[in-house]
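In: here are the coordinates; sequence isn't available:
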């Protein structure tokens with residue numbers, strides 16, 4: 001835990017602070033990674049971080065920098081990037097149930113290490129938290145599924161006719177198979193262009209569509225179908 005005071009130059013969201021030229025999470029493209037079991041995967045418990053040039057006292061608008069070292073289940077340093085970390089500083093007031101917090105800007109160095117940057121914007125004693133959201137192995141699997149246009153969530157659209165007859169049809173950003181134009185509904189958003197299609201039950205029109213639902217059981221089966229046993233290990237850590 002570190003403390004910092006409000007003795008600083010003018011503080012109006014830190015006007016003297018130069019914005020960094022990277023997005024909130026800056027990561028290189030995910031590259032294919034080969035791993036054989038869960039011990040190769042980034043381990044949240046064994047991963048460490050340290051303050052760069054730590055001081056006992058910081059001032060408003062000072063920058064706090066962390067260096068994060070990703071390690072696998074064998075406690076070995078990771079040699080490649082791709083992990084999705086969340087770094088946070090926070091202060092909890094002991095006199096009432098309120099707190100202040102902010103997420104850091106994280107840079108992936110591509111070699112298993114990461115830098116997190118915070119601009120200090122309030123006074124008090126702060127704590128630091130670094131959490132692994134997805135390992136590099138998991139981000140690779142997710143990226144592969146995305147680029148292959150594999151659906152991860154199974155949706156069904158509920159259709160209801162005028163006589164209250166109800167049926168469902170598969171819905172997603174793409175159809176499961178080639179279909180004739182009168183066999184599906186195109187609900188693509190005209191403003192954003194976001195695609196959305198539903199297979200139309202026989203005897204129903206697109207205007208009969210009422211709502212969507214997610215099928216949890218089919219989502220689990222779908223996840224098994226689009227990944228192998230080794231890849232699924234990446235989501236158990």
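Out: Sure thing, it's come through. Keep in mind that what you see is a predicted model, and the values were worked out from it rather than measured.
In: Tell me which residues touch the residue nearest to residue 179 when sequence neighbours are not counted, please.
Out: Distance criterion Cβ to Cβ, 6 or more residues apart in numbering; nearest residue to residue 179, sequence neighbours excluded, is residue 199 at 7.0 Å. Where C-beta positions appear, they are placed from N, C-alpha and C, glycine not excepted. Taking Cβ atoms under 8 Å, 6 or more residues apart in numbering as the criterion, residue 199 is in contact with 157, 169-171, 175-176, 179, 183-184.
In: which one of these is nearest residue 74?
Out: Distance to residue 74 across the contacts of residue 199 (Cβ to Cβ) is lowest for residue 176, with 41.2 Å.
In: Isn't the closest one up against residue 170?
Out: Yes: judged on Cβ atoms under 8 Å, residue 176 makes contact with residue 170 at a distance of 6.1 Å.
In: Tell me which of these two has more neighbours.
Out: For residue 176 versus residue 170, neighbours defined as other Cβ atoms under 10 Å are more numerous around residue 170 (18 against 10).
In: Tell me if that one really is in a strand.
Out: Yes: per DSSP: H, G, I helix; E, B strand; the rest coil, residue 170 lies within a strand segment.
In: Identify the residue nearest it in space, chain neighbours excluded?
Out: Nearest one to residue 170, counting by Cβ to Cβ, 6+ apart, is residue 199 at 4.7 Å.
In: where's that neighbour relative to residue 165, distance?
Out: 17 Å (Cβ to Cβ, to the nearest Å).
In: so what's the residue nearest to residue 170 bridging to?
Out: residue 184 (DSSP bridges).
In: okay, it: pLDDT?
Out: Predicted confidence (pLDDT) for residue 199: 92.
In: again, but for residue 76
Out: On the pLDDT scale, residue 76 gets 95.
In: Next: residue 111.
Out: Per the predicted model, pLDDT is 91 at residue 111.
In: what's the domain layout of the chain?
Out: 2-143, 151-233 (automatic domain parsing).
In: and residue 162, what element?
Out: Secondary structure assignment for residue 162, by DSSP states H and E: no helix or strand.
In: Of the domains of the chain, which shows the lowest average pLDDT?
Out: Ranked by mean pLDDT, the domains of the chain end with domain 2-143 at the bottom, a mean of 80.
In: Centre of the chain to that domain, how far?
Out: 14 Å (Cα atoms, centre = their mean, to the nearest Å).
In: that older thread, how much space is there between the residue nearest to residue 170 and residue 114?
Out: 43 Å.
In: next one: residue 147
Out: 24 Å.
In: and those two? which has more neighbours close in?
Out: Legend: neighbour count by other Cβ under 10 Å for residue 147 and residue 114, higher for residue 114 (26 against 9).
In: Now do the contacts for that one.
Out: Contacts for residue 114 (Cβ under 8 Å, 6+ apart) come out as 67-68, 70, 81, 83, 85, 106-108.
In: go with 6 Å
Out: 68, 85, 106, 108 (Cβ atoms under 6 Å, 6 or more residues apart in numbering).
In: where's the third one, which helix or strand?
Out: Residue 106 belongs to strand 105-108 when assigned by DSSP H and E.
In: What helices and strands are in contact with that strand?
Out: Identification of packing neighbours for strand 105-108 by 3 or more Cβ pairs under 6 Å, 6 or more residues apart in numbering; DSSP states H and E yields strand 113-119.
In: So for the lengthiest helix in the chain, what gets flagged as buried?
Out: As assigned by DSSP state H, the longest helix anywhere in the chain is helix 136-147. By neighbour count on 16 or more other Cβ atoms under 10 Å, the buried set for helix 136-147 is 136-142, 145.
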